[in-house]
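# Got a predicted structure here, sequence first:
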Amino acid sequence: MKLRSGMIKKGLERVPHRALLYATGIPRSEMDKPFIGVATSFTDIIPGHVGMRDLERFIEKGIHTGGGYPFFFGIPGICDGIAMGHKGMHYSLASRELIADMVETITEAHQLDGLVLLTNCDKITPGMLMAAARLNVPSIVVTAGPMLSGRYRGRRLNLTSDTFEAVGKYRKGLIKDDELNALEMCACPGAGSCQGMYTANTMACVTESIGMSLPGCATAPAVLAQKKRIAFESGVRIVELIKKGITPRKIMTAKAFENAIMVDLALGGSTNTVLHIPAIAHEAGVELSLEVFDSLSRKTAHIANMIPGGEYYMEDLDTAGGIPAVLKRLKDLLNSSKTVSGKNILDIAGQADIMDEEVVRPLDKAYHKEGGIAILKGNLAPDGAVVKQTAVGKKMLKFEGTARVFDSEEAGMKAILNGEIREGEVIVIRYEGPKGGPGMREMLSPTAAIAGMGLSESVALITDGRFSGGTRGPCIGHISPEAMEGGPIAVIQDGDRIGIDIPKRKINLLLPDEEISRRLSAWKQPKPKIRHGYLARYARMVSSAGNGAIMRAG
């Protein structure tokens, strides 16, 4: 077995390198073993990551058991919930690229033989997968697991419905101080990623479906012994992947990406996957257009009704059989592909048990005939826009309304909370795209406020920004080209009429082409909102949301 790490530990000229390695405490007897990097995003400030210290120990035990030697290194993480609704959210999507670059940097600088990627939340998981695809050294992902549901007065709680939407309910007088205070104490009872099919858990499900984590990893709750055993087995397994030369690009093929998208659609997952999956595919050398999401959505039924749009929690999906159960339902649609477990994805599907026929429904009893995500196009979004169609009420699948235009999330949020939005209006929040934001901020605060104030069946929201996995209702994001690039969203005016037809995949500014062209000709790009530091560099280099908001090489 030829090891990459031989570059830093073999030969006469590597005497100083070995001296430095011995300074870490490594015994001489371990020097010939594979050197495994364990990239851990542990931090005290993210609930999804506070339990990682235990998982680190079990990964370490597994690596030693498998015959490797582990080296831990830290990767930063951002909690999108805590960063939401203020300057911090500018950094969230932008951190994905930093994470990928950091994993690449440490791995290449020390010539590590393999990687265990310990992750959990929104941009950290895709960032680590991007690094794995780019480096193409044997890798396995351990997602740290979802949080258990909260409890209050006999009902289950989750972050979005019971805190973000509670803000709008409180403003409208639907709940009082004592309940509001109880909700913020009880909604998130401990370690783990937020309880529903939000972005973190959607990406965990995508990771398992694409074959980069062991079966059961995505849904096993953070606090259970089951998760520790998965961490241990992942540590054992990475050594075997190195011995067999199984690298990420042998797993993350075009067919595997299609499998992952179908599982995402069946679960009604976060629209953020339309940014992350193409970015990961790009690093793997796989071309993946927005049209793939829409074509697969038309043939993939929505079979798991997960919160925020539905009623079931991640713990319910886990006890129902997890991702293997979903794969079993979709088996006839899936492509044959390898996984880090050594099993083909079709074998995992075939061997799975479905423990709850309601949580993971048969295809002929699906909640919706189509998958969770729809791609819309029209003169308002020539390069595409994204909506979680399974979280939109039937009444709002087709909607025409009057534009209320805001040039920032803050301005839109202020109008919503002040009761200035009326039924029949389309809230337009622009200059929040990858360049314009910069960083394409999530709009969970305004969308949750709309839901909390009871406007989800009478008001739509469109933006060149993006939405949290917790968003529900007629909220259309990723409008491309974005306003900062001179897309049509930049020239919408208060009072314009906007037409949305989700079944027909259309979104249009209801003006003559000549008027739109006249306005675009007169448009002038505003000055960037942020002009220094990392975000200024990011804004100069980032591409459109339509191709994953990836960083350009030049």
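Ah, there it is. Values in this document were obtained by computation on a predicted structure and should not be read as measured data. Residues are numbered from 1 along each chain as shown.
# only C-alpha atoms for contact and neighbour calcs from this point on.
OK.
# Could I get the full set of strands for the chain?
35-40, 69-74, 114-119, 139-143, 150-152, 155-157, 373-378, 381-388, 398-406, 425-429, 460-463, 475-480, 497-501, 506-509 (DSSP state E).
# okay, the angle between the fourth one and strand 114-119?
Yep, that's strand 139-143 we're talking about. Between the axes of strand 139-143 and strand 114-119, defined by axes from the mean of the first three to the mean of the last three C-alpha atoms, to 10 degrees, the angle is 20 degrees.
# Rank the helices and strands of this protein by mean pLDDT and give me the bottom one.
helix 444-452 (a mean of 85; mean pLDDT, DSSP states H and E).
# Against which helices or strands is that helix packed?
helix 165-171, helix 409-417 (3 or more C-alpha pairs under 8 Å, 6 or more residues apart in numbering; DSSP states H and E).
# let's see 7 Å
The helices and strands touching helix 444-452, judged by 3 or more C-alpha pairs under 7 Å, 6 or more residues apart in numbering; DSSP states H and E, are helix 165-171.
# pLDDT on the helix it packs on, on average?
For helix 165-171, mean pLDDT rounds to 88.
# Now stretch 224-234: average pLDDT?
98.
# that older thread, orientation of the least confident helix or strand of the chain relative to strand 425-429 in degrees?
Going by the same axes, to 10 degrees, helix 444-452 makes 170 degrees with strand 425-429.
# that older thread, could you say which of the strands of the chain is packed most deeply?
strand 139-143 (a mean of 31; mean count of other C-alpha atoms under 10 Å).
# who touches that strand?
Applying C-alpha atoms under 7 Å, 6 or more residues apart in numbering, the contact partners of strand 139-143 are 114-120, 132, 204, 212-213, 217-218, 231, 234, 238, 247-248, 340.
# tally of neighbours for the residue nearest to residue 455 when sequence neighbours are not counted?
Spatial nearest neighbour of residue 455, excluding adjacent residues (C-alpha to C-alpha, 6 or more residues apart in numbering): residue 423 at 7.2 Å. By other C-alpha atoms under 10 Å, the residues close to residue 423 number 13.
# Quick check: residue 271 touching residue 469?
Yes - between residue 271 and residue 469 there is a contact under C-alpha atoms under 7 Å: 6.5 Å.
# for the residue positioned nearest the centre of the chain, what are its contacts?
Residue closest to the average C-alpha location in the chain (C-alpha atoms, centre = their mean): residue 199, at 3.7 Å. Contacts for residue 199 (C-alpha under 7 Å, 6+ apart) come out as 122, 270, 272, 468-469.
# Distance-wise, check it relative to residue 80.
10 Å (C-alpha to C-alpha, to the nearest Å).
# for residue 177, same thing?
25 Å.
# count of residues packed around residue 454?
So residue 454, with other C-alpha under 10 Å, has 15 neighbours.
# Any chance of the strands of the chain in a markdown table with distance to residue 314 and mean pLDDT as columns?
Shown next, in a markdown table, are these (distance: least, C-alpha to C-alpha, whole Å; pLDDT from 0 to 100):
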| stretch | distance to residue 314 | mean pLDDT |
| --- | --- | --- |
| strand 35-40 | 23 | 98 |
| strand 69-74 | 27 | 98 |
| strand 114-119 | 17 | 98 |
| strand 139-143 | 13 | 98 |
| strand 150-152 | 12 | 95 |
| strand 155-157 | 12 | 95 |
| strand 373-378 | 19 | 96 |
| strand 381-388 | 18 | 95 |
| strand 398-406 | 30 | 97 |
| strand 425-429 | 31 | 96 |
| strand 460-463 | 27 | 95 |
| strand 475-480 | 23 | 95 |
| strand 497-501 | 31 | 97 |
| strand 506-509 | 32 | 98 |
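# possible to save those as JSON lines with distance to residue 358?
Output for the strands of the chain, formatted as JSON lines (distance: least, C-alpha to C-alpha, whole Å):
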{"stretch": "strand 35-40", "distance to residue 358": "36"}
{"stretch": "strand 69-74", "distance to residue 358": "40"}
{"stretch": "strand 114-119", "distance to residue 358": "30"}
{"stretch": "strand 139-143", "distance to residue 358": "26"}
{"stretch": "strand 150-152", "distance to residue 358": "22"}
{"stretch": "strand 155-157", "distance to residue 358": "18"}
{"stretch": "strand 373-378", "distance to residue 358": "21"}
{"stretch": "strand 381-388", "distance to residue 358": "21"}
{"stretch": "strand 398-406", "distance to residue 358": "28"}
{"stretch": "strand 425-429", "distance to residue 358": "35"}
{"stretch": "strand 460-463", "distance to residue 358": "30"}
{"stretch": "strand 475-480", "distance to residue 358": "27"}
{"stretch": "strand 497-501", "distance to residue 358": "30"}
{"stretch": "strand 506-509", "distance to residue 358": "32"}
